[in-house]
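Visitor: Structural data only, the sequence is not supplied:
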């Protein structure tokens, strides 16, 4: 075994940097004995890896090969089978259980002991040793001592160190000098031991001979210490002499320090005086500009700006400690405060006067003259209101305030100075400006929306009456409208006459009460496309006018009041708006409690000022939207698309701006009207009633869904809110499907299959033509329903045209189903050839054609002319009839072979019957 162990170490493990510590000769238990070796190895490099390697001797030679290896850390159980009796079998539990049979129990125990010691030294993991004699397992293995691992190898677990090349050469040369170094190892070891003893003795004699030299060395050290003491004495005397020189130098240094300190103090005093003179002095020109400078001319304004900046710089200078106790400094500060208060008072009074003057001037030329002009145009005799407004379409525009902004922006730097020095006056001016502009814009916007409503009402004949009868909560707006019209009666007319005109204009296609969009308002079908396009242009013009107006005013506020910087600012609006505006829409100005705390950014302050100035925009827009929806609920489609686009544009500029927020709120109202429009259509579908005396045909709400879809596809092309339309489509088409089935079930005059077939064919044609992607599933469903009900109607209407013949062959098929062979059916008494000929004679071609002619008339009464499905149905009946004919011919050929029995008419005759009947009608 020792020779095998050395051979394995040399051939297998040394090339892999491994050491063989334990070995056992085994074979697999219960199988044909094929001996192999299980080896316990460790690597020579750190970290140490412990493995169990299976080595097998090659069948073709005398060498060994490595067959399989397992990591010791993967071993979970070692089972020795029996601890009390000698049993060479044992199991190793890795990923699966390996059963081995050792060549002897001693080798097995030695190998198991080696495994246990390797685990204790390198792994110390929980490893179960089952049925193992406790004497084989030691208590512990100290990590630093040599332990016996296996086979008597005492030093195997110590750190292994290979010999160097020189050590190998020395050993080889020493062995060559001794002839019996290999043959007689004990004699060679005895010789080496004797030589080692001789060398030890020589070393001891050498040490004893060197004692004299050690004594001489000690004497030299004593002499060196005496010399060191002498040098230290000389150094002490030198230190005493240097100490006296140091004292004299300290006195000179102290004198120089006092002189330097005096010079430093004089320099600092001069710096302080120069600092106060440079930063606390204001020129006479600046003082004169602050006290009596001209605030109307550009040159005077520039001088005031320069003087105010210089004053602010002097007042904000950071005084050093002690400056406030100087009389001159206090005197200058008092002068600066007086100049600040004087100039702030002058600037505030002047800007107040500018606000009033500009407001009155702008208000007169921009409001009074257009109002008079419009009134005069509307009061001209012989002028229709809608024609007058169309001729003067340029009037639908808001005045531009750029001249006012340009004049006031000259004072922007002075407003910034006032903001930094006199906050109360700055806030007072802000409130004054907001109040004046609120009144100015309220007048302009109200007049602008009034003209927009008049133009909007003129887009249809019915709109005049609807505009006059529209519920109006804005009393002031109502009075202005009456004054513009002269009298409300001139504009409106009676509701009854209006309805008569509506019915005449629609060519009596359908009654007004059955309109798809009639929700207590006018019929959308009576408004042509030109009127809706004109309304769309008016609404777009309103939004296009409001958008630049709000943006220009917001830009001016930011520049003039210097609100583009991020600071914590107290809002200037101290008076909250608590009352509701006209139309019962609450103002967007925050309550008073929100004004008591500072805003987080000046953007919030700009938005608050814009809310105050333009508080009438949102109610006026809602009122305009209500009018448009009242005139025609289809207008909600146009308004949803336009409003969505403007909201999207505003949010891209500033999502938190006044314009974005206001248009977003109005968009909610528009979306609510759109949803109400869709709900109204669905309600109309659910309430539809059909005549019991006439055929149904294409249902009105199916036709009106087609009209709605055509218009919506035109309006929502490339729109941002396409998703809203798709949701509405799904709701409408589901309602159409459900109500078509409901009406078909309730129909008494027209068969249910005809109602379903015609209406779903119309729906399928509409969806195929418009190509609405979100309704692809409904389009396929409509086609499926149309095809199914067409087939059902054909089968039910055609029935059994050859009834007796059909009953005869049903009996034949029943006999075949019972087990009678087809060629033996003719021998049955009730189904012999004579009975077949008798039945066939009852259906000559003339009778068949007569029955088909009556069927054509019946189908013609059921179907409506709008869908033109008569020929489609007739062709399907022809195919079904031919199918039944071929079925009968097939049964005759199979059950009555060679009888020569045929029908009295052929397929060609059938085709001629169907063709001639269709042409005759």
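Guide: Ah, there it is. Treat the numbers as computed from the prediction; the structure is a model and nothing was measured.

Visitor: give me the number of residues near residue 827?
Guide: Applying other C-beta atoms under 10 Å, we find 11 residues neighbouring residue 827. From N, CA and C alone the C-beta is placed, and that goes for glycine too.

Visitor: What's the separation between it and residue 555?
Guide: Note on residue 827: its distance to residue 555, by C-beta to C-beta, to the nearest Å, is 106 Å.

Visitor: Kindly report the same for residue 70.
Guide: 81 Å.

Visitor: Can you pick out the residue with more neighbours from those two?
Guide: Counted by other C-beta under 10 Å, residue 70 and residue 555 do not tie: residue 70 has more neighbours, with 16 against 13.

Visitor: Please name the residues that touch the more buried one.
Guide: With contact taken as C-beta atoms under 8 Å, 6 or more residues apart in numbering, residue 70 is in contact with 51-53, 92, 94.

Visitor: Recalculate using a threshold of 7 Å.
Guide: Contact partners of residue 70, counting by C-beta atoms under 7 Å, 6 or more residues apart in numbering, are 51-52, 94.

Visitor: by contact count, what packs against the helix or strand hosting residue 53?
Guide: Take DSSP states H and E as the rule and residue 53 turns out to sit in strand 50-57. In terms of contacts (3 or more C-beta pairs under 7 Å, 6 or more residues apart in numbering; DSSP states H and E), strand 50-57 is packed against strand 36-43, strand 64-71.

Visitor: what is the mean pLDDT for it?
Guide: What strand 50-57 shows for mean pLDDT is 91.

Visitor: Over to stretch 404-414?
Guide: 89.

Visitor: Quick one: distance of that stretch to the chain centre.
Guide: Centre-to-centre, stretch 404-414 and its host chain are 44 Å apart (C-alpha atoms, centre = their mean, to the nearest Å).

Visitor: Show me what counts as buried in that stretch.
Guide: For stretch 404-414, a neighbour-count test (16 or more other C-beta atoms under 10 Å) marks 404-405, 408, 410-411, 413-414 as buried.

Visitor: Residue 181 and residue 191: what is the separation?
Guide: In this view, residue 181 and residue 191 are 9 Å apart by C-beta to C-beta.

Visitor: who's more crowded, the two?
Guide: residue 181 (18 against 15).

Visitor: which SS class is the closest residue in space to the more buried one that isn't next to it in sequence?
Guide: Spatial nearest neighbour of residue 181, excluding adjacent residues (C-beta to C-beta, 6 or more residues apart in numbering): residue 175 at 3.9 Å. With DSSP: H, G, I helix; E, B strand; the rest coil as the basis, residue 175 sits in helix.

Visitor: Residue 91 too?
Guide: strand.

Visitor: Equivalent analysis for residue 530, please.
Guide: Using three-state DSSP, the structure places residue 530 in helix.

Visitor: so what's it scoring on pLDDT?
Guide: At residue 530, pLDDT is 73.

Visitor: Could you report the neighbour count for it?
Guide: Using other C-beta under 10 Å, residue 530 has 10 neighbouring residues.

Visitor: Just list the residues touching it, thanks.
Guide: Listed by C-beta under 7 Å, 6+ apart, the contact set of residue 530 is empty.

Visitor: if I look at it, how far off is residue 536?
Guide: The gap separating residue 530 from residue 536 is 11 Å, by C-beta to C-beta.
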